[in-house]
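Novice: kindly generate the corresponding structure for this input.
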Amino acid sequence: MTPLFDPDALECLAAIVEEGGFERAAQRLSITQSAVSQRLRALEAQVGTVLLVRSRPIKPTPAGQLLIKHAKMLRLLRVDLEHDLRELAPTLARRPRDEGRISVAINADSIASWALPAITPLVQDGVPLEIIHDDQDFTHEWLREGQVMGCVTTLAQPLRGCRLEPLGRMAYVAVASPAFASTTLQGRLTRHNFHRVTFVAFNRKDDLQRDFVCHAFGLTQVRLQQCYVPSSEGQVRAARAGWGVTVVPRLVAQSALDEGTLVDVCPDARYTVPLYWHCWNLASDVLARLTQALRDAAAAALEPL
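Specialist: Presented below is the predicted three-dimensional model:
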């Protein structure tokens with residue numbers, strides 16, 4: 001028989017990991033740090049194993065990951081219940097619950113372009129969303145580890161216990177300031193000058209710049225000079241300031257291209273990245289609404305797969 005776990009202890013475990021320590025978890029839960037430690041010890045005693053690795057940052061053990069995922073499932077059920085109760089009793093006040101956050105992982109380029117408008121109605125309806133951003137090639141790891149309930153990713157295969165929803169293809173464009181394009185590139189990016197140019201990438205995990213160059217010029221491997229700006233909008237601003245070339249979603253760069261503050265330095269290249277939505281395979285009104293919202297917004301903003 002599966003043991004029953006104290007929901008408060010499960011939330012305590014999740015808060016320690018999410019907040020990065022016992023003190024911040026205590027602040028979030030409005031209890032003492034001693035109470036946090038007591039709840040964790042009681043939970044570990046019940047499970048019979050250690051649930052946290054006391055590292056920097058604190059990390060859950062495999063057993064801890066399973067219990068955190070269980071805590072997040074309970075959150076989802078609670079949010080569903082509160083939504084259903086409000087429909088039955090519209091005067092029921094919405095209770096702010098920081099510990100009830102619904103966590104999803106969305107790649108930064110989608111956040112900067114089409115995803116936020118899609119989920120705004122859910123937030124306005126009181127769904128306590130937390131968005132975690134990462135590169136689109138890595139967001140699925142957050143879901144695999146049970147840290148989020150859904151993710152936008154390039155992974156085309158469904159994860160265990162999850163369902164998969166194709167979203168569409170995001171189109172990318174290589175841009176630079178008109179002055180940089182004219183003086184440094186003599187008008188455009190080519191297979192003969194890309195190695196002399198600085199590319200503005202998102203972070204050190206970002207392979208998009210290299211993938212674009214390989215695709216555009218039929219190369220299998222390249223080495224680029226890169227600097228890093230961890231924001232899609234920041235990459236655009238850096239390119240406008242003359243830092244170099246950056247490959248960003250056309251949705252993000254389009255207004256600057258229309259204004260003439262950026263130019264397409266590789267107009268013959270057509271480069272797209274497929275995106276998919278993965279979420280837990282649960283019967284949840286919140287997940288269903290979130291999935292439908294992302295599906296509709298992607299159909300309007302992205303190219304079909």
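Novice: give the closest residue to the residue positioned nearest the centre of the chain in space, chain neighbours not counted.
Specialist: The chain has Ile106 as the residue nearest its centroid, 2.4 Å off, counting by Cα atoms, centre = their mean. Nearest non-adjacent residue to Ile106, counting by Cβ to Cβ, 6 or more residues apart in numbering: Val152, 4.6 Å away. In short, each C-beta sits where N, CA and C put it, glycine included.
Novice: for the chain, what spans make up the helices?
Specialist: Ranges of helices in the chain, per DSSP state H, are 7-19, 22-29, 33-47, 62-88, 108-112, 115-124, 139-144, 178-183, 208-217, 232-240, 250-259, 285-301.
Novice: what is the second one packed up against?
Specialist: I take that to be helix 22-29. Other helices and strands packing on helix 22-29, by 3 or more Cβ pairs under 8 Å, 6 or more residues apart in numbering; DSSP states H and E, are helix 7-19, helix 33-47.
Novice: next, work out how far apart the closest residue to Gln33 other than its chain neighbours and Ser37 are.
Specialist: Spatial nearest neighbour of Gln33, excluding adjacent residues (Cβ to Cβ, 6+ apart): Ala26 at 4.4 Å. Ala26 is 9 Å from Ser37, where distance means Cβ to Cβ, to the nearest Å.
Novice: and the residue nearest to Ala112 when sequence neighbours are not counted, how many neighbours?
Specialist: Excluding the flanking residues, the one nearest Ala112 by Cβ to Cβ, 6+ apart is Ser232, at 3.7 Å. Around Ser232 there are 22 other residues, counting by other Cβ atoms under 10 Å.
Novice: what's the lowest-mean-pLDDT helix or strand in the chain packed up against?
Specialist: Lowest by mean pLDDT, DSSP states H and E among the helices and strands of the chain is helix 62-88, with a mean of 80. If contacts are counted by 3+ Cβ pairs under 8 Å, 6+ apart, helix 62-88 sits against helix 7-19, helix 33-47, strand 102-107, helix 285-301.
Novice: on that earlier part again, comparing Ala26 and Ser37, which residue is more hemmed in?
Specialist: A direct count of neighbours by other Cβ under 10 Å for Ala26 and Ser37 places Ala26 higher, at 20 against 15.
Novice: quick one: residues contacting that one.
Specialist: Thr32, Gln33, Ala35, Val36 (Cβ atoms under 8 Å, 6 or more residues apart in numbering).
Novice: surely Ala299 and Pro166 touch.
Specialist: No - Ala299 is beyond contact range of Pro166, at 10.2 Å (criterion: Cβ atoms under 8 Å).
Novice: who has more neighbours out of these two?
Specialist: Neighbours per residue (other Cβ under 10 Å) separate Ala299 from Pro166, with Pro166 holding more: 15 against 11.
Novice: where does the more buried one land on pLDDT?
Specialist: Note on Pro166: pLDDT of 96.
Novice: quick one: neighbours of Ala301, just the number.
Specialist: 19.
Novice: shaky segments in this structure?
Specialist: Residues of the chain meeting the criterion pLDDT under 70: 1-3, 83, 86-100.
Novice: looking at the helices and strands packed on helix 22-29, spot the one closest to Thr272.
Specialist: The closest of those to Thr272 is helix 7-19. By Cβ to Cβ, the value is 34.0 Å.
Novice: give me the contact list for the closest one.
Specialist: In contact with helix 7-19 (Cβ under 8 Å, 6+ apart) are residues 22, 24-25, 27-29, 36, 39-40, 42-43, 51-52, 58-60, 64, 67-68, 70-72, 74, 99, 147.
Novice: can you do 7 Å?
Specialist: The contact list for helix 7-19, computed with Cβ atoms under 7 Å, 6 or more residues apart in numbering, reads 22, 25, 28-29, 36, 39-40, 42-43, 51-52, 58, 60, 64, 67-68, 70-72, 74, 99.
Novice: cool, stretch 178-196 as well?
Specialist: With Cβ under 7 Å, 6+ apart, stretch 178-196 has contacts from Ala174, Ala176, Val197, Val213, Phe217, Gly242, Gly244, Val245, Gly260, Val263, Val265, Cys266.
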